[in-house]
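A.B. asks: Just a sequence and a predicted model for now, questions to come.
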Amino acid sequence: MADKTHVDAVTGTATTGHVWDGIRELNTPLPRWWLWLFYITIVWAVGYWIVYPAWPLVTAFTTGTFGWASRSAVVTDLNELKTLRAPMTTKLAATALADIKSDQALADFAYAQGRSAFRENCGPCHGAGGGGAKGYPNLNDNDWLWGGTLEQIRQTIEFGVRSGHAKAHESQMPAFGRDGMLKSDEIVTVANYVRAIANLATRRGTDLAAGKKLYADNCAVCHGAEGKGNKELGAPDLTDGIWLFGSDEASIIEVITNSRGGVMPAWAGRLDPETIKALAYYVHTLGGGEK
Amino acid sequence: MAEVNAPTLLALAEDAEVGRAGLKVVANPPPLDPADEEWADDTPLYEARRKIYPQRVHGTYRRIKWAVLFVTLGIYYLTPFLRWDRGPNAPGQAVLIDLPNRRFYFFFIEIWPQEIYYLTGLLIIAAMTLFLMNALAGRVWCGYLCPQTVWTDLFQTIERWCEGDRREHLRRDREGWTLERVGRAGAKHFLWLMVAWWTGGAWVLYFADAPTLVRDLATFHAPIIAYVWIGILTVTTYALAGFMREQVCLYMCPWPRIQAALTDEHALNVTYRYDRGEPRGSLKKSTALRAQALPSGDCIECLQCVHVCPTGVDIRQGPNLGCIQCGLCIDACDAVMEKIGRPTRLIAYDTDLGIKDRQEGQPTVYRFVRMRTALYAAIIVLVGGMMTFTLATRDAQGVSVIHDRNPVFVRLSDGALRNGYTVRIANKRPERREFTLSLSGLSGSLLDVVQTRDDGRFVVEVGPDQTREVRVLVTEYTDFLPASTPVTFHLYDARSGERASASDYFRAPEGG
Ligand code: SF4
Ligand code: SF4
């Protein structure tokens, strides 16, 4: 019986010899070319090992005779992309920041490039859409520490803030409390005065006149007599509704006591000038850009 | 004699009456006894392809197949050369798949990527049409319309030109490699390759301006990818229509499996009318039997139906998965019947039910209008109607809005609230258009479209057949806004008076 197989009565087809509850499996032979295709795929796989990187070795891997590598493939792709964009990039380089807007195609290009560069490089601090967070300015509002014109934005991106770059924006608010310049009750008073000029509620019994004097003596130099700030110095406007480090009394006291000041890296050298230009254009369109 | 489990095989057993005498159905099978059963030598797991030499045939279905072949191939090869004037900024080719610009042109219809749902509609209609064909007359698609069938038919015709009809070809193959055979085979492969190459060539013409591409191809200036695709399609056509043929239908294509599951007892199928044909026997024998008024069938076992079959099926064995329902065996058998003076259509489009009815002396009723066919037709009409309606009424412009997510809203230094939106405007006309953008839903709000010319009007220019994205800022000075206020952006083309709109929300902090 070893060489004999059961034949199914209805179809006349031989069965494989497997029986499950009286049900037998028909043996319909596969076409031979199917088998050949299978062999070809094996040969193909072997060929693949030879021409492409395939086998891990102890400290390296077989590199394949084609010399293909995913890293160099990425570089090639990126270069292709650069070539593709080259005409627009050249145009962007040659156009003054202020004139980008009048060329629709260029403006759309700068916007698109700026947006992707922003998400990649600026998003981690400022948020994907530039919404900011405590200590990281919101770039959508119309309040600018260092100025919101196209040129000012570009300058800030290029050189950064307290970044250590020679041309970076530099300024430092004194730590009035820590360095003993103001006593803690004076800090409370001046903090409440600052809240008062920003139209926020003040602690009952605050001597606003004293606060005003303290403000004039210590703060007005940078923040201005009326608290409108000074963009030359990166001194924020204290009268508007936008607070980088919080507007509650405790937060203001904390800032006056210890001083605050964020750091933004200089992007010149890390991003090419065209990308920085596109970034400046993009940030300007976010909503707060000044003329 | 074999015993078969009931009732699972009851249906099968009924079908198997023909030519499978000796099948007995038992209600409760006894345990299998090896001694009682049929055994064969160990069968191989693989088998070589049996080469099929389909014989030439004339008749009604052959003529239908010729007509279908000419029409379908004609459409395929010539469509790219049809012109259609769409104005200066759009391609002048009637049917064009413009991949770089992401557009599909079909005569007066232009489909954008975001309208790809029309493809869903087309696919539904295609599926339902196939189902309907199947419910009415079995594998109509397979037998007449499928590219595999059409090209195989063409290749087999070329083969018969070069190497002769069935007998001649068989004889030559038996005789081995004579010089003449080499010449004939060479001519055949040359013609096959020409057809295959032309097939690949026509394919790429759907993706670029056909006359230009033909010139570029001839002067070797065409993009390399065009040559690659021509090469791929040449190889596949040559292999599938020249060599694989029925193997594609038997082993590769899923459609026969689906059709076998879809068919029902009312669907017309190419059927051997065993009520007429059996008992079969040679012409001599059956004449003798008939002379003695003894039962005798019309089938004279001439095997013509088997010889013409492109898939090598013997239709007399009953419904067969290998049969593509091409009807050629009907033509072959009709010719025989005419010759021996018996009525034609011993093999015909019929149903098993019809045969049973006749055996019982009842008139045959064919039921084309059934729940299934009505439903398929209704779905086709419904989906087709919906597509026509949306196509006829769709706008030549569109606007879509995405609200900023980070930040959702912005408090400005003067206390006003601002929301940012990305607005995409689509101009589906082949000319540059200007759209005015406006907003409704908020009182006293200020609209600002960044990227527009600074002339106070919010006019966005969009190039021909393009979309453009602009950033829109909406500033609201009212206090105590609800957390979310519905707003609508309106697009207006002052020149044509056409409009489009999109709704979104204006967000404010919880509690004003
Ligand atoms: S079985 Fe498939 S390939 Fe063959 S004719 Fe039918 S649809 Fe075409
Ligand atoms: S059996 Fe008849 S209908 Fe079926 S494929 Fe063969 S020739 Fe065509």
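C.D. replies: Yep, it's here. Ligands and ions are numbered 1, 2, ... in the order given.
A.B. asks: so B:Ala396 touches B:Glu431, yeah?
C.D. replies: No. Shown here, B:Ala396 and B:Glu431 do not form a contact pair, counting by Cβ atoms under 8 Å, at 10.2 Å. Where you see a C-beta, it was placed from the backbone N, CA and C, and this is true even at glycine.
A.B. asks: ok now stretch A:63-70, how far from the chain's centre?
C.D. replies: 33 Å (Cα atoms, centre = their mean, to the nearest Å).
A.B. asks: what's the span of it, first residue to last?
C.D. replies: Criterion Cα to Cα, to the nearest Å; first-to-last residue distance in stretch A:63-70 is 11 Å.
A.B. asks: Stretch B:107-125 too?
C.D. replies: One end of stretch B:107-125 sits 19 Å from the other (Cα to Cα).
A.B. asks: Now it: buried residues?
C.D. replies: Of the residues in stretch B:107-125, B:Glu110, B:Ile111, B:Trp112, B:Glu115, B:Tyr118, B:Gly121, B:Ile124, B:Ile125 count as buried by neighbour count, 16 or more other Cβ atoms under 10 Å in any protein chain shown.
A.B. asks: what is the rounded mean pLDDT of it?
C.D. replies: Averaged over stretch B:107-125, pLDDT sits at 91.
A.B. asks: related to what we said a few turns ago, now for the buried residues of stretch B:107-125, which pair is the farthest apart?
C.D. replies: B:Glu110 and B:Ile124 (21.3 Å; Cβ to Cβ).
A.B. asks: residues in contact with residue 283?
C.D. replies: Since you didn't name a chain, this refers to chain A. Neighbouring residues of A:Val283 by Cβ atoms under 8 Å, 6 or more residues apart in numbering or on different chains: A:Gly114, A:Phe118, A:Cys122, A:Gly130, A:Leu139, A:Ile153, A:Ile157, A:Gly289.
A.B. asks: wait, I meant chain B there
C.D. replies: Residues counted as contacts of B:Leu283 (Cβ under 8 Å, 6+ apart) are B:Ile300, B:Ile340.
A.B. asks: Is ligand 1 within reach of stretch B:120-127?
C.D. replies: No. Stretch B:120-127 does not reach ligand 1 (Cβ under 6 Å from any ligand atom); its nearest approach is 12.6 Å.
A.B. asks: now that stretch, how far from the centre of its chain.
C.D. replies: Between the centre of stretch B:120-127 and the centre of its chain there are 9 Å (Cα atoms, centre = their mean).
A.B. asks: What parts of chain B come near ligand 1?
C.D. replies: Counting by Cβ under 6 Å from any ligand atom, chain B comes close to ligand 1 at B:Arg139, B:Trp141, B:Cys142, B:Cys146, B:Gln148, B:Thr149, B:Val248, B:Cys249, B:Cys253, B:Trp255, B:Pro256, B:Ile324.
A.B. asks: Among these, which ones are in helices?
C.D. replies: Mapping these onto helices (DSSP state H) picks out B:Gln148, B:Thr149, B:Trp255, B:Pro256.
A.B. asks: Which residues are in contact with B:Thr72?
C.D. replies: Contact partners of B:Thr72, counting by Cβ under 8 Å, 6+ apart, are B:Leu145, B:Pro147, B:Val150.
A.B. asks: Out of those, who's the most crowded?
C.D. replies: Neighbour tally across those (other Cβ atoms under 10 Å in any protein chain shown): the maximum, 20 neighbours, falls on B:Val150.
A.B. asks: B:Asn101 belongs to a strand, doesn't it?
C.D. replies: No. Counting by DSSP: H, G, I helix; E, B strand; the rest coil, B:Asn101 is located in no strand; its state is coil.
A.B. asks: can you count the residues close to the residue lying closest to A:Ser184 once chain neighbours are set aside?
C.D. replies: Nearest residue to A:Ser184, sequence neighbours excluded (Cβ to Cβ, 6 or more residues apart in numbering or on different chains): A:Gly177, at 6.4 Å. Neighbours of A:Gly177 under the rule other Cβ under 10 Å: 19.
A.B. asks: could you list every residue that touches the closest residue to ligand 2 within the stretch 51-200 of chain B?
C.D. replies: Using Cβ to the nearest ligand atom, the closest approach of the stretch 51-200 of chain B to ligand 2 is made by B:Gly143 at 6.4 Å. B:Gly143 sits next to B:Lys65, B:Thr149, B:Val270, B:Ile324, B:Gln325, B:Cys326, B:Gly327 when contact means Cβ under 8 Å, 6+ apart.
A.B. asks: Noted, bye for now.
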